[in-house]
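In: quick one, structure for this:
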Amino acid sequence: MIRQGFHGLALEAMQDDANLYEGIQLLEEIGDIEPIRARINQGYRMNIGELNYDLAFATLHYGTDQQIEVMIKDWLKERGQTNLAEFEETRYFKERLSIINDSFNAFAKAHGLPEALPDMDAGGAQSSLINAATELKKKKYDVAIGILNSGVYVAELLDYLGQNTRYVEWHRHWTRQPIWKHIGSNDEPIENAQRILLCEQDIHTGATMDNLEPFLRELQPEQVDATFWIDMHNKVKHFFDGSEFYGDAYMLRDIPTDNLIENLNAAVAYAKQDKTRELIA
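Out: Residues are numbered from 1 along each chain as shown. This is a model prediction of the structure:
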């Protein structure tokens, strides 16, 4: 009788936008998720048309792939950037990231790169990094240059996704030139690299932007942009505004997520179709 009473309260709560959270929680505890799915099928918006936070996350857990994808696109359109780490705790993201990670780790192992995609930070997400790298690849740079132990995570994901990429080693107290590292999928000399993307962590690491400029100038590029792992917006903006050599600066968490679903699924398709990226025993 008590169980039936709670079930009745849960079903009643599911009819009221203001009480959806309580209804969902009760139904989950009771173990009856069909009413949740039925409510999801009606849409994830409240009667006044606004996106309902609780129902949106219920969709992430219990919706179909199509419902999830539509919801995420609407969510990002309405709310802009969000904490994707919360999304990644759901089946939809876990399944896709598992496929990408397995493929990426095999690629990294085969080419001497660090394995395992890191989180952006404690509150970040791998899907943010995949989205950012995919968007940067669309800009069609002649070459991306990763600074080891600094911007290497962005560079190696770009390398994995097919961007022409090289790596250099550079340390805080060096007074000599950076050293080209023969790691990654391509170690041929750089030729005619007019547009360069520098993959850095931030402008204040040992491989500082000022110290790298003479090395990059020897490559005779027309344009050098940079992407940054660590968000230091004011300092990065100030540095680039005052530079006659560097062009655009891309802060990873500022890169639009409008195409997140398309980029994530494209990375999954890429991982599945390229047999050279199968796991290495």
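In: does the residue nearest the centre of the chain belong to a helix or a strand, and which?
Out: Against the mean C-alpha coordinate of the chain, by Cα atoms, centre = their mean, the closest residue is S128 at 1.9 Å. Per DSSP states H and E, S128 falls inside helix 126-137.
In: repeat for Y250
Out: Y250 belongs to strand 246-251, assigned by DSSP H and E.
In: which strands or helices does that strand pack on?
Out: If you count contacts as 3 or more Cβ pairs under 8 Å, 6 or more residues apart in numbering; DSSP states H and E, strand 246-251 packs onto strand 223-228, helix 233-241. Heads up, the C-betas are built off the backbone N, CA and C, glycines and all.
In: if we go to 10 Å?
Out: helix 126-137, strand 195-200, helix 209-217, strand 223-228, helix 233-241 (3 or more Cβ pairs under 10 Å, 6 or more residues apart in numbering; DSSP states H and E).
In: export the longest one as PDB, just CAs?
Out: Included here for helix 126-137 are C-alpha records, laid out as PDB according to Å, rounded to 0.1, in the frame of the first residue of the first chain:
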ATOM      1  CA  GLN A 126      36.600  15.100 -23.200                       C
ATOM      2  CA  SER A 127      33.800  16.000 -25.600                       C
ATOM      3  CA  SER A 128      34.800  19.700 -25.300                       C
ATOM      4  CA  LEU A 129      38.300  18.800 -26.400                       C
ATOM      5  CA  ILE A 130      37.000  16.600 -29.300                       C
ATOM      6  CA  ASN A 131      34.700  19.400 -30.400                       C
ATOM      7  CA  ALA A 132      37.400  22.000 -30.200                       C
ATOM      8  CA  ALA A 133      39.900  19.900 -32.200                       C
ATOM      9  CA  THR A 134      37.400  19.100 -34.800                       C
ATOM     10  CA  GLU A 135      36.500  22.800 -35.200                       C
ATOM     11  CA  LEU A 136      40.200  23.800 -35.400                       C
ATOM     12  CA  LYS A 137      40.800  21.100 -38.100                       C
END
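In: what lines up beside whichever helix or strand comes after it in the sheet?
Out: Scanning forward in sequence from helix 126-137 by DSSP H and E, the next helix or strand is strand 143-147. Paired neighbours of strand 143-147 in the sheet (DSSP bridges): strand 165-169 (parallel), strand 195-200 (parallel).
In: list the buried residues in strand 143-147.
Out: V143, A144, I145, G146, I147 (16 or more other Cβ atoms under 10 Å).
In: how about stretch 184-192?
Out: Neighbour counts using 16+ other Cβ under 10 Å place G184, S185 of stretch 184-192 among the buried residues.
In: related to what we said a few turns ago, export the helices and strands packed on strand 246-251 to CSV and tack on mean pLDDT and distance to K94?
Out: Listed next are those as CSV, based on pLDDT from 0 to 100; distance: least, Cβ to Cβ, whole Å:
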stretch, mean pLDDT, distance to K94
helix 126-137, 93, 11
strand 195-200, 94, 27
helix 209-217, 87, 37
strand 223-228, 93, 26
helix 233-241, 86, 31
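In: what about the helices in the stretch 51-200 of the chain?
Out: Ranges of helices within the stretch 51-200 of the chain are 53-62, 65-79, 84-87, 91-110, 126-137, 152-160, based on DSSP state H, counting those that start in this stretch.
In: got the strands paired with strand 143-147 as a markdown table, with mean neighbour count and distance to I179 columns?
Out: As requested, those are exported to a markdown table (neighbours: other Cβ atoms under 10 Å; distance: least, Cβ to Cβ, whole Å):
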| stretch | mean neighbour count | distance to I179 |
| --- | --- | --- |
| strand 165-169 | 22 | 5 |
| strand 195-200 | 25 | 16 |
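In: closest one to G80 among those?
Out: strand 195-200 (24.4 Å; Cβ to Cβ).
In: angle of the closest one against helix 233-241?
Out: 150 degrees (axes from the mean of the first three to the mean of the last three Cα atoms, to 10 degrees).
In: quick one: strand 195-200 to strand 246-251, angle?
Out: Using the same axes, to 10 degrees, strand 195-200 lies at 50 degrees relative to strand 246-251.
In: what bits of this structure have low per-residue confidence?
Out: Judged by pLDDT under 70, the chain has its weakly predicted residues at 1-6, 81, 119-124, 206, 274-281.
In: I'm done for today, thanks for sticking with me.
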